[in-house]
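In: could you look at this predicted model? Sequence included:
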Amino acid sequence: KAGTAVKPGETELARQLEYIRAIRAENDAFAAENGRKKKFYSLAMGCQMNAHDSEKLEGMLDEMGFDRTDEETEADFIIYNTCCVRENAEQKVYGKLGWLKHYKETKNPDAVIALCGCMMQQETVLQTLRQKYRHVDIVFGTFNLYKLPELVATRMESGETVYDIWQEQREVVEDLPAIRHFPYKASVNIMFGCNNFCSYCIVPYVRGRERSRTPEDILAEVRRLAADGVKEVMLLGQNVNSYGKNLETPVSFAELLRMVNEVEGIERIRFMTSHPKDLSDELIQAMADCDKVCKYLHLPVQSGSDEILRRMNRHYTKESYMELVRKARAAMPDITLSTDIIVGFPGETEEDFQETLDVIRKSRYSTAFTFIYSKRTGTPAATMENQVPEDVIKDRFDRMLNILNPIVHEVHEEQLGKVMTVFAEEASKQDKTVLTGRADNNMLVHFKGTEDLIGQMVPVKITENKTFYLIGERM
Ligand code: 5AD
Ligand code: SF4
């Protein structure tokens, strides 16, 4: 509780650091004996939240004395941070587990396999693992990520599979070690969980109810990152627009943005995801006012049909969504928008689908993440009547891309000739003389440059449009 001397999680962090030290001693002994360090392979599936959680898992494994490898076939410790938002993500995990069984039998019998994340929060998955995939060593969920060191130690001692799945958050452990995937940009959780229960979505069941971190904790983390050289932060939450409502002293997301905007050293601020039902005028104003907040908004629409939106439990209409788009553009004329769209929600008619196409035409997205509806057991939509046949969905999906992609192309075409400030992130994998980065409006830009520019804001003149990215020349 706020006001007490001991922060929740502080003693827990100390406990885990003890386990880390013990495992490190064993791993160091292994290295001395075998002339090589043990290696870990880490895979994050799904959303940015998982990617960021994996940075923490990797930080802990690093402290335990493992080296990171990108070659799964030479790993001693393999960890998948799983996603269950659509069925194909789960199929991928089972496929890989089949391969890992063979890997353990033929190549590395001592390899340790750990599974964590959203998929593990489902009882049916645990049953399947217990019955069919007994070569898995450690299984944990979304609420006890910080316990990885303890679970590794328990596995080493007992030699048996460790299952540790919680149904809710018990405490938030701050300050876990983390390895950032990029030195100059970082993600920061501002809240966990989701209260919205969109009828197709499994996230509220596997990530629990909404919990916001205090602005003090968030700002302390952002300042620490800035001191460590980070210039761009991504504020993460399933629904950032309802940030802070349940804090002891409520704070709005707009207020938080203004506070983060003041942190010295930070040059760019991004955030995701915004739920249209909670996007306030106050937030639009804060975005427009704050010079460091990127003029880019990810605003998932899911569908353009009022009837589908109602049955999705989204709490807005096509018209109120379009009104938000108008307001955002009025306040920030150069803003770019992106969205998420689901095709084939139960009962979706051709007319409903046409409404979605209409929103795409009117919103003029610079990017859209498009999904085929995937039935998730346990969600209300899974038992709705009139599930749409596969061939109808496929046909609609193709027609949607035929409308969407030319718009994405046009929106990128409008950038030709402009000079944009690109935050250089990395050298291209194919060609080391080409750097890639993002403009303020989130568009991906490739340009010729040397690696010493990585981590810098580079003025680039846009010369070519590749539909999903731009090519430019350094000014
Ligand atoms: N089927 C298809 N797409 C889904 N999403 C969430 N649940 C499902 C589902 N059952 C999509 C939504 C959400 C994004 C992260 O994933 O578009 O915004
Ligand atoms: Fe899922 Fe809706 Fe919550 Fe997003 S807002 S995580 S789609 S329930």
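Out: Received the coordinates, thanks. Ligands and ions are numbered 1, 2, ... in the order given.
In: and the strands in the stretch 301-450 of the chain?
Out: 336-343, 367-372, 419-427, 434-439, 444-448 (DSSP state E, counting those that start in this stretch).
In: could you do the stretch 101-250 of the chain as well?
Out: 112-117, 138-140, 162-164, 185-189, 191-192, 211-212, 232-236.
In: mind listing the strands the third one pairs with, and their directions?
Out: Next to strand 162-164 in the sheet, as set by DSSP bridges, lie strand 138-140 (parallel).
In: what residues does this protein put near ligand 1?
Out: Applying C-beta under 6 Å from any ligand atom, we find that the chain lies next to ligand 1 at Val85, Arg86, Tyr200, Cys201, Pro300, Gln302, Asp340, Ile342, Phe371, Tyr373, Ser374, Arg376. C-beta here means a position set from N, CA and C on the backbone, and glycine is covered the same way.
In: and which of those residues is nearest to ligand 2?
Out: Within the residues of the chain next to ligand 1, proximity to ligand 2 (C-beta to the nearest ligand atom) peaks at Cys201, which comes in at 3.1 Å.
In: contacting residues for that closest one?
Out: Cys201 makes contacts with Val85, Cys194, Arg376, Thr379, as judged by C-beta atoms under 8 Å, 6 or more residues apart in numbering.
In: got the contact list for the closest residue in space to the third one that isn't next to it in sequence?
Out: Computed as C-beta to C-beta, 6 or more residues apart in numbering, the closest residue to Arg376 that is not its neighbour in sequence is Ile202, at 4.4 Å. Under the criterion of C-beta under 8 Å, 6+ apart, the contact list for Ile202 reads Cys84, Val85, Cys118, Gln122, Arg376, Gly378, Thr379.
In: do a quick rundown of the helices in the chain.
Out: Along the chain, counting by DSSP state H, helices occupy 10-34, 48-63, 87-106, 123-132, 148-158, 203-207, 215-227, 253-261, 281-289, 306-311, 318-331, 350-363, 390-413.
In: out of the strands of the stretch 101-250 of the chain, the one nearest Thr69 is which?
Out: Checking the strands of the stretch 101-250 of the chain against Thr69 by C-beta to C-beta gives strand 112-117 as the closest, at 13.9 Å.
In: re earlier: who wins for neighbours among the contacts of Ile202?
Out: Counting neighbours by other C-beta atoms under 10 Å, Cys118 leads the contacts of Ile202 with 27 neighbours.
In: surely that one touches Tyr205?
Out: No - in this structure, Cys118 is not within contact of Tyr205 by C-beta atoms under 8 Å, at 9.1 Å.
In: OK, contacts around Ile393?
Out: Val343, Gly344, Ile372, Tyr373.
In: for the second one, which non-adjacent residue is spatially closest?
Out: What that stands for is Gly344. In space, and not counting its chain neighbours, Gly344 is closest to Ile393: 3.5 Å by C-beta to C-beta, 6+ apart.
In: ok, now the last one?
Out: In space, Tyr373 comes closest to Gly344 once its chain neighbours are excluded; the distance is 4.1 Å by C-beta to C-beta, 6+ apart.
In: give me the local confidence score for the one you found.
Out: If you check Gly344, the pLDDT there is 98.
In: so where's the stretch 101-250 of the chain shaky on pLDDT?
Out: Within the stretch 101-250 of the chain, no range satisfies pLDDT under 70.
In: how about the residues of the protein by ligand 2?
Out: Counting by C-beta under 6 Å from any ligand atom, the chain sits next to ligand 2 at Cys194, Asn196, Phe197, Cys198, Cys201, Val203, Pro204, Gln238, Asn239, His275.
In: 5 Å instead, please
Out: Proximity of the chain to ligand 2 (C-beta under 5 Å from any ligand atom) is limited to residues Cys194, Asn196, Cys198, Cys201, Val203, Gln238.
In: excluding its backbone neighbours, what's nearest the first one?
Out: Okay, so that is Cys194. Gln238 (3.9 Å).
In: which residue is the nearest non-sequential neighbour of His181?
Out: Distances taken as C-beta to C-beta, 6+ apart put Glu55 closest to His181, at 6.2 Å, once the chain neighbours are dropped.
In: contacting residues for the one you found?
Out: Residues in contact with Glu55 (C-beta under 8 Å, 6+ apart) are Ala178, Ile179, Arg180, His181, Ser187.
In: residues in contact with the closest residue to Cys47 other than its chain neighbours?
Out: Take Cys47 and drop its neighbours on the chain: the residue closest to it by C-beta to C-beta, 6+ apart is Cys83, 6.9 Å away. Neighbour list for Cys83: Met45, Gly46, Cys47, Asn50, Ala89, Gly117, Cys118, Met119 [criterion: C-beta under 8 Å, 6+ apart].
In: cool, thanks, talk later.
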